[in-house]
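Asks: 3D, please:
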Amino acid sequence: MNFTPMDPDYQSKVRATFDGQPFMRLIGAELAALGAGTCEIALTIRPDLWQHNGFVHAGVTNAIADNAAGLAALTLMPAGSDVLSVEFKTNLLAPARGDRLIARGKVEKPGKLLVIVRADVHAETEEGEVHIAMMQATMIRMVNPQPRPA
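Replies: Below you'll find the model as predicted:
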């Protein structure tokens, strides 16, 4: 589906939003790709992100999926908007292991207030990409949100 962003400067807005998230820096996530209605976040797998079995913790997988989905929604919002997750459901399809995780968010159904989004997370392994998780989420538009406390 092709979408037309309402904010011609959406890429700068989304990049600033991503860069303003300390948790994404903490886990080493990076904004890998951005388009109208899409967002890709990549993460190099490292041992401090593992759970007790040596797989990436599901909380990390959910965090990059939620962020990729939310930022995909934000690409279509007018200037002066932000988004928040209203709800999401994640299916964990396979253990998260390999070299990198890639979360690809995309808008399924845009709306003026609510946006339905999806994110698929893949692990890059020696054998290729493995689909490890899929998330469906609803994002809500925030108009002129209050600045984050210092």
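
Asks: Next, count neighbours for Asn144.
Replies: By the criterion of other Cβ atoms under 10 Å, Asn144 has 8 neighbours. Heads up, the C-betas are built off the backbone N, CA and C, glycines and all.

Asks: thought it was touching Pro78?
Replies: No. Judged on Cβ atoms under 8 Å, Asn144 makes no contact with Pro78 at a distance of 10.6 Å.

Asks: quick one: common contacting residues for these two?
Replies: Counting by Cβ atoms under 8 Å, 6 or more residues apart in numbering, Asn144 and Pro78 have no shared contacts at all.

Asks: pull the longest strand from the protein.
Replies: When the chain is parsed with DSSP state E, its longest strand is strand 128-143.

Asks: average pLDDT for stretch 71-80?
Replies: The average pLDDT within stretch 71-80 is 97.

Asks: Also stretch 3-21?
Replies: For stretch 3-21, the per-residue pLDDT averages 96.

Asks: Quick one: residues in contact with it.
Replies: Identification of contacts with stretch 3-21 by Cβ under 8 Å, 6+ apart yields 24, 31, 34, 36-37, 39, 41, 67, 71, 74-79, 81-82, 107, 110, 148.

Asks: Filter the residues you listed down to just the buried residues.
Replies: Among the contacts of stretch 3-21, those classed as buried by 16 or more other Cβ atoms under 10 Å are 24, 31, 34, 36-37, 39, 41, 67, 71, 74-77, 81-82, 107, 110.

Asks: Quick check, central residue of the protein?
Replies: Taking Cα atoms, centre = their mean, the centroid of the chain lies closest to Ala68, which sits 1.4 Å from it.

Asks: Quick check: that one is in a strand.
Replies: No. Counting by DSSP: H, G, I helix; E, B strand; the rest coil, Ala68 falls outside a strand, being helix.

Asks: Leaving out chain neighbours, which residue sits closest to it?
Replies: Excluding the flanking residues, the one nearest Ala68 by Cβ to Cβ, 6 or more residues apart in numbering is Gly105, at 3.2 Å.

Asks: sorry, back to before: go ahead and confirm the residue nearest to the centre of the chain touches Glu40.
Replies: Yes. Between Ala68 and Glu40 there is a contact under Cβ under 8 Å: 6.5 Å.
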